[in-house]
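Trainee: when you get a sec, could you give me coordinates for this:
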Amino acid sequence: MSDPAQTTTEESVPPAPHTGLTSSQVAERVARGEVNDVPVRSSRSTSEIVRANVFTRFNAIIGVLFLIILVVGPIQDGLFGFVIVANTAIGIVQELRAKKTLDSLAVIGEARPTVRRDGAPAAVPTGGIVLGDLIELGPGDKCVVDGEVLEADGLEIDESLLTGEADPVLKKPGDPVMSGSFVVAGGGAFTATKVGRAAYAAQLAEEASRFTLVHSELRTGISRILKYVTWMMVPTAIGLIISQLVVQDHDWKEAVRRMVAGIVPMVPEGLVLLTSVAFAIGVIRLGRKQCLVQELPAIEGLARVDTVCLDKTGTLTEGGMDVTELRVLPGAPADEGYVRQVLGALGESDPRPNASLQAIIDAYPDGSGWRCTEALPFSSARKYSGAALNSPDAESGNWLLGAPDVLLPTGDPALAAVEDLNAQGLRVLLLARAERDLDDPGVTEELRPTALVVLEQRLRSDAADTLRYFAEQKVSAKVISGDNAVSVGAVAAKLGLPGADAPVDARRLPAERTEMAGVLDKGAVFGRVTPQQKREMVAALQSRGHTVAMTGDGVNDVLALKDADIGVSMGSGSEATRAVAQIVLLNNSFAGLPSVVAEGRRVIGNITRVATLFLTKTVYSVLLAILVVCTRVPYPFLPRHLTLLSTLTIGVPAFFLALAPNKERAKPHFVRRVMRYSVPAGLIAGVATFAAYLLARSHYSGPGALDAETSAATLTLFLISMWVLAIIARPYTWWRVALVLAMGAGFLVVLVVPAFQRFFALKLVGTTMPWAAVAIAAVAALVLEVAWRALARRFPA
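Mentor: Here you go, the predicted structure:
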């Protein structure tokens with residue numbers, strides 16, 4: 001910790017404050033482009049969204065195959081191309097809707113620094129700052145550009161997010177200020193010397209703070225799956241092309257069509273689309289609840305969280321407080337009337353009071369006539385503030401206001417009363433007269449305790465329900481606060497938090513990470529936690545394999561929010577807090593967290609289901625291609641058959657399943673879980689379909705035999721794919737049953753309506769082979785069910 005900061009106000013007339021730039025100077029700088037043009041954190045540009053959805057590896061493959069079909073015809077074999085166009089359009093539209101939501105919420109949640117122009121302070125958007133602007137600073141403010149300190153009033157700035165240096169730095173006029181640092185105590189003003197992409201933090205963060213959808217575990221897993229698919233596709237497709245040209249040497253157009261039919265279903269084209277759409281719709285849904293997602297993987301990340309660390313103030317309690325009692329201590333050096341005036345003067349000495357001091361200002365507005373000659377700003381690490389005051393009758397004195405258990409020695413009689421009040425969930429501050437100067441490192445020694453100020457905190461009405469939700473979801477809640485541990489425990493107990501009856505004083509926590517993690521696992525309420533300790537506690541929990549979310553609104557939460565897996569800030573929180581959080585609750589309601597968890601679980605759980613459907617298709621397509629190459633027979637399908645099957649058993653159902661509610665807790669190892677089910681399902685479907693096809697080849701002969709064989713194989717594959725869908729759709733609800741039945745009815749319509757029969761080249765010939773195809777599908781479905789249940793038993797959820 002740096003030396004306590006203080007500012008001395010001369011008794012002579014203070015110098016006139018700096019006036020900052022004039023309006024004409026600002027206009028000149030804007031015209032020269034010397035503005036703070038910084039990248040938008042929350043979303044991609046429209047052109048990036050269009051490029052990302054159009055120019056993909058699989059769109060390129062499908063596009064080339066579509067052009068080939070346009071050459072050889074007929075157009076119904078090119079239906080898959082129109083499906084890709086529709087998919088891409090849906091993806092672009094949904095992401096643009098999400099971008100609009102994010103950008104509008106980002107404007108609401110954007111920090112608006114105070115700049116001094118023409119001698120008057122004014123709040124401007126971060127992007128409105130120009131080179132040379134004079135920017136005012138107070139506790140919790142983030143330094144948004146680089147600059148040089150011009151005014152300092154006990155200004156302490158934390159640069160740990162940039163430099164790794166844990167202790168705040170006391171700044172004096174002429175000292176540099178780096179963008180990305182934030183104020184922990186005191187106030188002042190600095191001149192902007194570097195803006196926009198020239199600023200220090202902007203250089204570090206430009207890439208990192210762009211749209212970060214690709215960095216989620218889900219997206220990483222899907223990328224890995226697509227890499228495996230590409231490896232399988234290339235050699236299989238080459239073998240298929242050669243074999244079909246050899247087998248169908250008398251009809252090259254038919255060979256090309258069947259070769260295309262073999263390659264198209266290997267591409268899980270809708271998987272990336274549905275993942276993007278699921279995320280985008282999640283953003284839109286959360287946006288309606290005034291929840292700003294600054295990094296999209298946070299939706300997914302919060303669903304994986306098993307431990308939530310909550311800052312009490314502003315999270316479990318509302319920001320405001322009320323003074324309920326002023327208790328003058330026995331032997332105090334002043335009476336109650338004098339104490340009220342001292343408290344009023346202390347309130348007036350701080351230009352940016354915190355919630356506790358604001359409550360005192362509201363209760364004791366009678367500090368007029370007093371003059372502050374020296375100030376010691378409040379710091380979360382110190383746990384107290386102070387001022388040197390001159391009374392109207394010229395009496396001077398140094399006063400401290402802060403945590404009783406920090407300012408008083410152990411065993412002091414006043415601490416017993418403090419404990420009783422803390423046990424009721426009340427916050428207690430001690431007013432004490434100091435015998436030493438405020439800049440003396442031992443200022444807290446030789447104190448004369450004067451009075452206890454009792455503050456009541458307002459509980460959030462929705463906090464108890466939210467804590468209950470986390471308990472039901474088996475998410476462990478830890479309340480971490482800078483307040484007295486007993487007081488925090490009493491507040492948590494009122495909200496029904498399990499373990500609130502055994503609060504832990506963080507000053508007694510072991511410093512060694514492993515031992516600290518053990519205490520944290522057992523406890524639920526921790527008081528007297530310093531900002532650095534909050535950070536260490538998050539790291540200790542993570543070392544035990546926990547996925548940790550941290551919520552907070554104050555400057556003392558910034559470091560922990562940054563280090564947590566997911567940082568959640570209140571919209572009313574400090575600029576620095578909102579800047580590092582991945583999720584900002586703009587309506588300041590802690591009750592918004594369950595919505596984020598629910599959205600994350602919906603995205604992860606449903607994409608896992610949908611990925612299993614898509615990968616099953618890829619596996620059976622690759623297997624069928626390999627079997628065709630090995631046996632040197634024509635590929636059993638035309639592109640139109642597989643477009644029909646994909647639409648009815650994967651495309652349409654996947655869209656509904658991806659957006660359905662899902663409360664399953666997110667599980668790790670996405671790729672492993674998807675492959676565990678899709679590979680056996682794809683192998684069973686591929687083997688059964690090829691068996692039906694070979695049986696049909698031996699059954700039919702003469703002209704039109706290939707069409708009849710294809711129809712029998714299509715029926716088998718459709719029935720097996722429907723069973724895979726029926727398994728994936730579990731647990732059943734009325735709409736899921738209706739969805740499966742509707743897809744089955746759609747295929748039945750194609751089989752019985754002559755126009756559809758001709759369009760899709762599907763006609764079942766005779767009765768023996770169609771019923772044999774149904775029997776093969778039934779056996780495959782039974783094997784599927786047995787395999788699925790065996791896997792579920794071996795790898796329980």
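Trainee: what pLDDT, on average, does the lengthiest helix in the chain get?
Mentor: Using DSSP state H, we find that the single longest helix of the chain is helix 593-631. Taken as a whole, helix 593-631 carries a mean pLDDT of 86.
Trainee: now it: buried residues?
Mentor: 593-629 (16 or more other C-beta atoms under 10 Å). Using the backbone N, CA and C atoms, a C-beta is placed for each residue, glycine as well.
Trainee: low-confidence ranges, the stretch 51-200 of the chain, go.
Mentor: Residue ranges of the stretch 51-200 of the chain with pLDDT under 70: 105-110, 160-166, 199-200.
Trainee: 90 instead, please
Mentor: Along the stretch 51-200 of the chain, the model assigns pLDDT under 90 to residues 51-66, 68-113, 119, 125-128, 138-146, 152-170, 172, 178-187, 194-200.
Trainee: for it, just list every one of the helices.
Mentor: Ranges of helices in the stretch 51-200 of the chain, per DSSP state H, counting those that start in this stretch, are 57-72, 79-109, 160-163, 200-205.
Trainee: go on, the stretch 251-400 of the chain?
Mentor: Using DSSP H, counting those that start in this stretch, helices in the stretch 251-400 of the chain cover 252-263, 269-288, 297-304, 336-349, 355-363.
Trainee: for the helices of the stretch 51-200 of the chain, give me CSV that also has mean neighbour count and distance to residue 378.
Mentor: Output for those, formatted as CSV (neighbours: other C-beta atoms under 10 Å; distance: least, C-beta to C-beta, whole Å):
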stretch, mean neighbour count, distance to residue 378
helix 57-72, 16, 56
helix 79-109, 18, 26
helix 160-163, 17, 19
helix 200-205, 18, 26
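Trainee: including distance to residue 663, could those helices go into JSON lines?
Mentor: Listed next are the helices of the stretch 51-200 of the chain as JSON lines, based on distance: least, C-beta to C-beta, whole Å:
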{"stretch": "helix 57-72", "distance to residue 663": "32"}
{"stretch": "helix 79-109", "distance to residue 663": "23"}
{"stretch": "helix 160-163", "distance to residue 663": "35"}
{"stretch": "helix 200-205", "distance to residue 663": "35"}
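Trainee: what's the closest of the ones you listed to residue 247?
Mentor: Among the helices of the stretch 51-200 of the chain, the nearest to residue 247 by C-beta to C-beta is helix 57-72 (16.2 Å).
Trainee: list the helices and strands the closest one packs on?
Mentor: Counting contacts by 3 or more C-beta pairs under 8 Å, 6 or more residues apart in numbering; DSSP states H and E, helix 57-72 is packed against helix 79-109, helix 217-247, helix 252-263, helix 269-288.
Trainee: give me the angle between that helix and helix 252-263.
Mentor: Going by axes from the mean of the first three to the mean of the last three C-alpha atoms, to 10 degrees, helix 57-72 is angled at 160 degrees with respect to helix 252-263.
Trainee: how far off helix 269-288 does helix 57-72 point, in degrees?
Mentor: 130 degrees.
Trainee: now helix 57-72 - C-alpha only, CSV.
Mentor: What follows is helix 57-72, C-alpha atoms only, in CSV (Å, rounded to 0.1, in the frame of the first residue of the first chain):
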residue,chain,number,x,y,z
ARG,A,57,-15.1,-23.4,-45.7
PHE,A,58,-18.3,-25.4,-45.9
ASN,A,59,-20.2,-22.8,-47.8
ALA,A,60,-17.4,-22.9,-50.4
ILE,A,61,-17.6,-26.8,-50.6
ILE,A,62,-21.4,-26.7,-50.9
GLY,A,63,-21.2,-23.8,-53.4
VAL,A,64,-18.9,-25.7,-55.8
LEU,A,65,-21.1,-28.8,-55.6
PHE,A,66,-24.2,-26.7,-56.3
LEU,A,67,-22.6,-25.2,-59.4
ILE,A,68,-21.8,-28.8,-60.6
ILE,A,69,-25.4,-29.8,-60.1
LEU,A,70,-26.6,-26.7,-62.1
VAL,A,71,-24.4,-28.0,-65.0
VAL,A,72,-25.6,-31.6,-64.9
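Trainee: tell me the mean pLDDT for stretch 558-570?
Mentor: 85.
Trainee: what's the closest of the helices of the stretch 51-200 of the chain to residue 299?
Mentor: Across these, closest to residue 299 is helix 79-109 (C-beta to C-beta), at 10.8 Å.
Trainee: quick one: the closest one to chain centroid distance?
Mentor: 19 Å (C-alpha atoms, centre = their mean, to the nearest Å).
Trainee: which neighbouring elements make contact with that helix?
Mentor: Secondary-structure packing of helix 79-109 (3+ C-beta pairs under 8 Å, 6+ apart): helix 46-54, helix 57-72, helix 269-288, strand 291-293, helix 639-646.
Trainee: and for stretch 636-644, what are the contacting residues?
Mentor: Stretch 636-644 has contacts (C-beta atoms under 8 Å, 6 or more residues apart in numbering) with 69, 76-80, 83, 257-258, 260-262, 264-265, 621, 624, 628, 689-690, 693, 709-710, 713-714, 747, 750, 759-762.
Trainee: one step back: could you dump the helices and strands packed on helix 79-109 into JSON lines with distance to residue 177 added?
Mentor: Below are the helices and strands packed on helix 79-109 laid out as JSON lines (distance: least, C-beta to C-beta, whole Å):
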{"stretch": "helix 46-54", "distance to residue 177": "32"}
{"stretch": "helix 57-72", "distance to residue 177": "46"}
{"stretch": "helix 269-288", "distance to residue 177": "34"}
{"stretch": "strand 291-293", "distance to residue 177": "27"}
{"stretch": "helix 639-646", "distance to residue 177": "58"}
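Trainee: just those: most buried one?
Mentor: Mean neighbour counts were compared across the helices and strands packed on helix 79-109 using mean count of other C-beta atoms under 10 Å; the top stretch is strand 291-293, at a mean of 25.
Trainee: avg pLDDT for it?
Mentor: 82.
Trainee: what lines up beside it in the sheet?
Mentor: The strands beside strand 291-293 in its sheet (DSSP bridges) come out as strand 583-585 (antiparallel).
Trainee: right, and residue 503 touches residue 483 too?
Mentor: No. Counting by C-beta atoms under 8 Å, residue 503 does not reach residue 483; the two are 10.2 Å apart.
Trainee: what is in contact with those two at once?
Mentor: residue 527.
Trainee: output stretch 337-347 as PDB, nothing but the C-alphas.
Mentor: Taking Å, rounded to 0.1, in the frame of the first residue of the first chain, the C-alpha atoms of stretch 337-347 are listed here in PDB:
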ATOM      1  CA  GLY A 337     -24.200  18.200  19.100                       C
ATOM      2  CA  TYR A 338     -20.500  18.700  18.500                       C
ATOM      3  CA  VAL A 339     -20.200  15.100  17.100                       C
ATOM      4  CA  ARG A 340     -23.100  15.900  14.600                       C
ATOM      5  CA  GLN A 341     -21.200  18.900  13.400                       C
ATOM      6  CA  VAL A 342     -18.000  16.900  13.000                       C
ATOM      7  CA  LEU A 343     -19.800  14.300  11.000                       C
ATOM      8  CA  GLY A 344     -21.400  16.900   8.800                       C
ATOM      9  CA  ALA A 345     -18.000  18.600   8.200                       C
ATOM     10  CA  LEU A 346     -16.400  15.200   7.300                       C
ATOM     11  CA  GLY A 347     -19.200  14.700   4.800                       C
END
